[in-house]
Every structure is written in structure tokens, then in C-alpha cells.
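A.B. asks: next input, structure requested:
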Amino acid sequence: MNEFSMQTVDILIYIALSEEFNYLVDDLLGDSDQSFISQEMEDYPLTIFYGNIFCKNQEKYFHTVIIPAGKMGNTRAATVTSAILAKSSVCDVIVLGIAGSLSNDLQPGDVLIPDSVEEYLANSAAIGEDNNWEFKTSGNNLPTSLRLLNRFQHFFSRYRPIYDQWLKDSNDRLNHILENKKIQEILDKHGEELRSDVKLFAGDDKKLASGPAVGKGKAFTDWLKNQVDRKFFAIDMESSGVYDAVNLRIPSPRVIAFRGISDFADERKQLIEDTVREQFREVSLKNAFHLLLHGIESGLFNPDIVESSGSNNVESEDGQKSLQEKPEHIDKKVKEVKKFEHHKEVYRFAYSSKGMNKGNYAAEQLAFKKILG
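C.D. replies: Prediction:
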């Protein structure tokens, strides 16, 4: 690829931990023409990985930077994201990682793209006396970019063969774990039955809770869903920091989260960790990453359509604008028409001053029709 520059970045991918990034090393640092190269930042003790991801249906490359921040938490996420955005003109920011499920419908191996991210402890007030106190919350709700969310909601219907391939690969990764007899015996012993098919949940009012705590108990998850927001579907520790850093920029890049579900955010978390160790973490992260990769390759990260007043531009299946989009030669004719109309007014004033009638405009009308084609 050409010499690396931070000036313009199409896609910035934020990953919290080097452990998570290491799950993707074989995919990112291999021998393919899309492999990524590492580079240390001069003014931050961080290493970035840069490369190009090819969009097949547009036949173009997306200049992509991946930054493993090396620490969990929204403070680190906001700081690192802001540092990169201050250096670069970034089109899209993606927070990629794992999350804990807050719903029985969302199981290990699944992928969540939230409708919005809520920093659930932001602006909270601690109320009560003595040992009887609680948080009264007023969280900071941060939406996912609507165009990107909408495209992934319809990934299944618009790009069915690509989606089916992602689903097959994801199921294969998940079932490689679930088909292990020892693991299955332990899950059966504790009455845990997990789906063998991966699902994508995108939008539909499903929120991602983001804050400083890791969910490992039912009391905490019940508090989140019953006292804070019943629409919480999963929980993580980074996404609201990334989203908030993006929203502070003018103009703001688009932002979206891909969270692979590694466990349940209650007492079952410890069971899964003890049973399969880090295997679900790796599978869920790879499922999320390859969904993202297929989305880039399919053109889902193409720019938003900018519609002029009164236009009926829509997006076609391959990501191109169609229906009443003006080609260049029509734009040229419009300019010629405007120029002609100016001269026509001059001629009309001259004719009227000499008392000439409307019939003398025949030559003008003929020329006008020729310009319009």
C-alpha cells in the first residue's frame, strides 16, 4: 500500500484489549494483500495497525486503522478515540469487542449492533441515608448512526449470499465448542442449553448498557433492566466512551458498535468462564469482526446519499445511487440553459424597446429546445 498517512482515514476500529486483538491476528497480519502493518504512535504509548480493506462491489479500498487501546473502560475509550480524531479526518468509527448478555434471547456467539448506547451511570445521584442508599440514574443515551444501522438491519435481505456465508462460518466456529462432549456434559449438568445457531441482532430498540462494572450477578442485571432501562440487551465497558468522543466532533463521523456476545452478565458468567474458558470470547469476537469485514466488502460503509431538494435518489443493491440521478452531461446542459436565459432577457428587453412582437422570439425558442436536447 502507499505510505501511511493519518490525515485521512476511512474507517477507525477501536478494540479495548490486546487479548481481543490477538484473536484477530491471523486474519489481519497474514500474507493477503489486505494484511495490516503495525506502527507506534510518536506522542502516545500506543501501537496502531493500518491497512486497506477492499470493497468488492465498488472496486475501491477503504483506508483502515485499528487501535487496540490496551485497557478496558469508557475513560480510556474516549481519550484514545479523541486523540485519533484530533489527528485525522475519519469517516466512520467502529467499536469492536465483546459484551455480556442481559437477555436469554441473546446467547454466546451472537452479535449485537445496538440501536443506541447508554452510559447508564452518567449524571447519577446517590440518594438515601446511612447504609440504605441507591443511584438515581439519568443516563447519557448515544445513538448509532442511522444509515449504517439500517444497512446492517437489511444485510440479510440485500446481500443474502454474503450473509449466509457469514452465518455458516459463525455457526461452524460456535459448534466446534458446543460439540465438545466434556463441555456439553457440564452445561447439561447445570441445566444450561445453548443454541447451536448464531443470530444477528441489529437495532429494533435494543440498547447496549455501557459503564464501569462487569455484570456477574442477577441482582445487578435486574437493577439495570428494572430500574434503569428495560430495553437494555447487553452490557460492555467501552462503547459509550467511543460514541461520546465521536459526537463531540464537528462534523461528526458516523459511529457503530459490533459486540460479540461472550457470556451472560449474571451468575452464569462464571459457569461459562470455568467451562469453556476463553473459547466463547474468541468465537464471539471473530463472529463480530467477520460481520464487519463482510459489511465493508459489500459496500455498507459507502457514504450516505446526499439528496438535493425534490430529488428521488435511492440506493440500489450495489450501493450506487439510481433513479433520477443527473449525469454530468445534463449538469452541463443546465449551466448552458442558465447562460442562455440570461441572454434571452437581454434580447427581450432590446426587442420590447423597439416595439417588436412575440413572434420575433421564434429563433430563441428553437435554440432553447436544442440546448435541452
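A.B. asks: residue 258 pairs with what?
C.D. replies: Beta-bridge pairing of residue 258 under DSSP bridges involves residue 96.
A.B. asks: what is the burial count for it?
C.D. replies: Residues within reach of residue 258, counting by other Cβ atoms under 10 Å, total 27. Backbone N, C-alpha and C define where each C-beta goes, glycine included.
A.B. asks: surely it touches residue 98?
C.D. replies: No: using Cβ atoms under 8 Å, residue 258 makes no contact with residue 98, being 10.0 Å away.
A.B. asks: spell out which residues are contacts of both of these two.
C.D. replies: When contacts are counted by Cβ atoms under 8 Å, 6 or more residues apart in numbering, residue 258 and residue 98 are jointly contacted by residue 288.
A.B. asks: quick one: residue 26 from residue 35, how far?
C.D. replies: For residue 26, the distance to residue 35 equals 10 Å [Cβ to Cβ, to the nearest Å].
A.B. asks: oh sorry, the question was meant for residue 57
C.D. replies: For residue 57, the distance to residue 35 equals 22 Å [Cβ to Cβ].
A.B. asks: for the stretch 151-300 of the chain, what spans make up the strands?
C.D. replies: Per DSSP state E, counting those that start in this stretch, the stretch 151-300 of the chain carries strands over the ranges 200-202, 207-210, 232-236, 254-264.
A.B. asks: isn't there a strand covering residue 118?
C.D. replies: Yes: assessed with DSSP: H, G, I helix; E, B strand; the rest coil, residue 118 lies in a strand.
A.B. asks: how many neighbours does it have?
C.D. replies: Counted with other Cβ under 10 Å, the neighbours of residue 118 add up to 26.
A.B. asks: about what we covered before: could I get the strands of the stretch 151-300 of the chain as TSV with mean pLDDT and distance to residue 154?
C.D. replies: Formatted as TSV, the strands of the stretch 151-300 of the chain follow (pLDDT from 0 to 100; distance: least, Cβ to Cβ, whole Å):
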stretch	mean pLDDT	distance to residue 154
strand 200-202	98	9
strand 207-210	95	20
strand 232-236	93	20
strand 254-264	95	14
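A.B. asks: domains for this structure, by residue range?
C.D. replies: For the chain, the structural domains run 8-298, 328-372, going by automatic domain parsing.
A.B. asks: how many neighbours does residue 24 have?
C.D. replies: With other Cβ under 10 Å as criterion, residue 24 counts 23.
A.B. asks: could you do residue 63 as well?
C.D. replies: The tally of other residues near residue 63 (other Cβ under 10 Å) stands at 22.
A.B. asks: residue 84 and residue 7, how far apart?
C.D. replies: Between residue 84 and residue 7 the computed distance is 12 Å (Cβ to Cβ).
A.B. asks: what about residue 109, which helix or strand?
C.D. replies: Using DSSP states H and E, residue 109 sits in no helix or strand.
A.B. asks: looking at residue 26 and residue 35 now, which is surrounded by more residues?
C.D. replies: residue 35 (14 against 9).
A.B. asks: nice, that's everything, thank you.
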